[in-house]
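[1] Next comes the sequence, and after it the predicted model I'd like to discuss.
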Protein chains: 2
Amino acid sequence: MEDDRVPWLATLRDDRALLGRASTAQRVAEILRTRITEGALLPGTRLSEEMIGTALGVSRNTLREAFRLLVHERLVVHELNRGVFVRVLDVEDVIDLYRVRRTLECAAVRDARPASATALAALEAALLEGERAATEQRWADVATANMRFHQAIAALAGSPRIAEIMRQTLAEIRLAFHVIAAPRAFHQPYLARHRDLLELIRAGDADRAHDVLDDYLRTAERQLVEAYAERMPRRVPAPR
Amino acid sequence: MEDDRVPWLATLRDDRALLGRASTAQRVAEILRTRITEGALLPGTRLSEEMIGTALGVSRNTLREAFRLLVHERLVVHELNRGVFVRVLDVEDVIDLYRVRRTLECAAVRDARPASATALAALEAALLEGERAATEQRWADVATANMRFHQAIAALAGSPRIAEIMRQTLAEIRLAFHVIAAPRAFHQPYLARHRDLLELIRAGDADRAHDVLDDYLRTAERQLVEAYAERMPRRVPAPR
DNA sequence: GCATATTTGTCCGTATGTATA
DNA sequence: CTATACATACGGACAAATATG
C-alpha cells in the first residue's frame, strides 16, 4: 500500500519521462518487460493494477491492455480474479524451452549455408561484446551478449517468424536465469564455444557447427536443470 | 452504418445465441476466428469496434480483448489509430510460413524416434478423417484433416511450445488457402503422401520420413506460391 | 466459519487525438 | 481545409471474487 516501501516502484515512476511514442499500453509493457528481464521484478511477484497504474500514471484499462501483451509473451501469468504475476518457470518449462532452442538454432546453422555477410557480422558483434563484458567483469552484460549471439544464430535461417519466436523463447529463458546464483560461472565458459561456433560457421562447416551447437545447448540445459534442482528442491503446488 | 448491408454481420448476430460459456472475449474471438478461417471474413476486411460490438452486444473493452487474442494469432493485424483488419498474406509470408513448417515438422520426424503410440494414433486418426472426407467430397473437411495431420506431425516433438507454434502457423497458412480456386485439386493429392509418411514413421525410418516430408512441403509451397502469382498478379502497396 | 475490506472483472460515458473523404 | 468517423485513453461505477482479520 505505501508506495515507497516497494523498491521497484520508484524506478517505474522515473520511466514516465521516457514515455514518448507508440501506444501507451505498448510503452507500459516495454517498461515492465525490461524490469522483468533485468530481474528487478522477480518471478512470482504480483503486479497490482492499482499500484502500477498509479505509479505510471495510466488508467486501469490501459494497464490491463499492457498486461495482455505480456501474457502473450509468457512473461507474466494471469490468474482469474487474482491478477497477474511474474511468470515462475518450472523445470518442465526449461526443458521445453531448450527443446525449442535446439530445434530452431540447430536447423538454422545446418540449413543456412553459406551464411550471409550481415548474419556473420551480427554473430561477431555479439561475440566481441560478450568478450569485452567478460574482461570487464560485467556479468549481466555477458548474459545479454549471450542472448544476442543466439538470436543471431537463429537469424541465420533468414526467417522473420523464426527470429520472432527466438526472441520470445530467449526472453522466457531469462526468467530461468534468475535461479542461477553465479552468473559468471554460468555464462563465462560459453564464450570460447561461441568463438569456435563462429569460426565453423564462417568456414561453412555446417555439419560440425551443428554438432557443436547441439552439444553446447544440451550442456547448458543440463546445468540449468541442475541449478533448478538445487534452488527449488520442492515447488509449492501453486496457491489455489 | 446500415447493418443489414454488411452480409456477415447478420450471421454474427445469430451467433449471439451461442455465447454461452467461457470468457466473453474468448467466445467473441472464437466466433471471429471461425468466420475468418471459413472465409466469410475475407483478408483485408476491416473489423470495426462499433459494428461488431453492437452486433454481438459486447462492450468495446471486451471486444478489444478479443482482438488482442486474434492479433496474437496473426489472423488480424492492428494498425495504430486505424483499427484491426483481417490479415492479408503476401507471397513472402507464405514462403516464410513454409520455412517455419519445414523447420519444425522435419525436425519432429527426424528427432522423435521412436514415435509414441499416442502420437501415431493421432496421425492415423487425422489420415482416416481426411480419406473419409475425400471419398465423400467434403473438400473443406479434407483441408481441416490435412491441418490436423501436420499438427500431429509437429506433436511428435513432444513439446507444448512447438505444438503451440505449429497451431498458429497452420492457422495463418489457412489465410493463404483462400486464394486457392480448387481446394480439391490442391488438397486431395496429398492424402497418398500422408499415408506413405505414416508408414515410414511407424516403421521407425526417420531419415526417409524426413526426406519425404521435406519434399512434400516444398511441393506444397511451390504450388501455393504459383497460385498466388495467378490470383494476385499485383498487390496494392497497402493503404497509407 | 463468518464478516469485512480489498482487488479484480466488466462496462459505460466522454474527451482527445488521428485518419480519411 | 473542413467535416466526419473512428480509435485511444481516462475515470468512474458496480458486481463478483478473493483475501484478511
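    Yep, it's here.
[2] Could you use CA atoms for every contact and neighbour count after this?
    Will do.
[3] In what element of secondary structure is the residue nearest to A:Ala152 when sequence neighbours are not counted found?
    Spatial nearest neighbour of A:Ala152, chain neighbours left out: A:Leu123 (5.5 Å); criterion: CA to CA, 6 or more residues apart in numbering or on different chains. If you go by DSSP states H and E, A:Leu123 is part of helix A:117-135.
[4] for that helix, packing partners?
    Secondary-structure packing of helix A:117-135 (3 or more CA pairs under 8 Å, 6 or more residues apart in numbering or on different chains; DSSP states H and E): helix A:139-155, helix A:190-202.
[5] hey, which of the ones you listed is tucked in deepest?
    helix A:139-155 (a mean of 22; mean count of other CA atoms under 10 Å in any protein chain shown).
[6] between that helix and helix A:117-135, how big is the angle?
    Relative orientation of helix A:139-155 and helix A:117-135, computed by axes from the mean of the first three to the mean of the last three CA atoms, to 10 degrees: 160 degrees.
[7] where's the residue most central in space within chain A, which helix or strand?
    Nearest residue to the geometric centre of chain A (CA atoms, centre = their mean): A:Ala171, 2.4 Å. Using DSSP H and E, the element containing A:Ala171 is helix A:160-177.
[8] Centre of the chain to that helix, how far?
    6 Å (CA atoms, centre = their mean, to the nearest Å).
[9] Same question for stretch A:78-95.
    Its chain's C-alpha centre and that of stretch A:78-95 lie 15 Å apart, by CA atoms, centre = their mean.
[10] How about that stretch, which residues are buried there?
    By 16 or more other CA atoms under 10 Å in any protein chain shown, the buried positions in stretch A:78-95 come out as A:His78, A:Val84, A:Phe85, A:Val86, A:Arg87, A:Val88, A:Leu89, A:Val91, A:Asp93, A:Val94, A:Ile95.
[11] in terms of contact, does A:Leu104 touch B:Thr103 like I think?
    Yes: between A:Leu104 and B:Thr103 there is a contact at 7.1 Å, judged by CA atoms under 8 Å.
[12] quick one, which of the two is more surrounded?
    Neighbour totals were compared for A:Leu104 and B:Thr103, and A:Leu104 leads with 23 against 20 (other CA atoms under 10 Å in any protein chain shown).
[13] For that one, give me its contacts.
    For A:Leu104, the contacting residues are A:Ala154, A:Ile162, A:Met166, B:Thr103, B:Leu104, by CA atoms under 8 Å, 6 or more residues apart in numbering or on different chains.
[14] what's next to stretch A:80-98, contact-wise?
    Under CA under 8 Å, 6+ apart, the answer for stretch A:80-98 is A:36, A:41-49, A:67, A:74-79, A:169, A:172-173, A:175-176, A:217-218, A:221, A:224-225, A:228, B:159-161.
[15] can you check stretch A:182-198 too?
    Contacts for stretch A:182-198 (CA under 8 Å, 6+ apart): A:120, A:123-124, A:127, A:130-131, A:134, A:139-140, A:142-143, A:146, A:149, A:180, A:209, A:212-213, A:216.
[16] re earlier: could you report the separation of the residue nearest to the centre of chain A from B:Phe67?
    Distance, A:Ala171 to B:Phe67, using CA to CA, to the nearest Å: 24 Å.
[17] just A:Leu63 next, same as before
    16 Å.
[18] Compare the two and say which is more crowded by neighbours.
    Taking other CA under 10 Å, A:Leu63 and B:Phe67 do not tie; B:Phe67 has more neighbours (26 against 23).
[19] host element of that one?
    helix B:60-72.
[20] State the paired neighbours of the helix or strand just after that helix in the sheet, together with their directions.
    Per DSSP H and E, the first helix or strand lying C-terminal to helix B:60-72 is strand B:76-79. Paired neighbours of strand B:76-79 in the sheet (DSSP bridges): strand B:83-86 (antiparallel).
[21] and the strand it pairs with, does that touch DNA strand D?
    Yes: using CA under 7 Å from any atom of the strand, strand B:83-86 reaches DNA strand D at B:Gly83, B:Val84.
[22] related to what we said a few turns ago, turn the helices and strands packed on helix A:117-135 into CSV, columns for distance to B:Arg184.
    Below are those laid out as CSV (distance: least, CA to CA, whole Å):
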stretch, distance to B:Arg184
helix A:139-155, 36
helix A:190-202, 44
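[23] In CSV: these, plus distance to B:Arg193 and mean pLDDT.
    Shown next, in CSV, are the helices and strands packed on helix A:117-135 (distance: least, CA to CA, whole Å; pLDDT from 0 to 100):
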stretch, distance to B:Arg193, mean pLDDT
helix A:139-155, 30, 93
helix A:190-202, 35, 94
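[24] Nearest to DNA strand D among those would be which one?
    Minimum separation from DNA strand D across the helices and strands packed on helix A:117-135 (CA to the nearest atom of the strand) falls at helix A:139-155, 29.4 Å.
[25] Run a quick neighbour tally on A:Leu42.
    When neighbours are counted by other CA under 10 Å, A:Leu42 registers 18.
[26] whoops, A:Ile165 was the one
    19.
[27] The one 3 residues further on now?
    If you count neighbours by other CA under 10 Å, A:Gln168 ends up with 15.
[28] ok, the nearest residue to it once chain neighbours are set aside to DNA strand D distance?
    Leaving aside its sequence neighbours, A:Gln168 sits nearest to A:Glu73 (CA to CA, 6+ apart; 6.3 Å). To DNA strand D, A:Glu73 is 18 Å away according to CA to the nearest atom of the strand, to the nearest Å.
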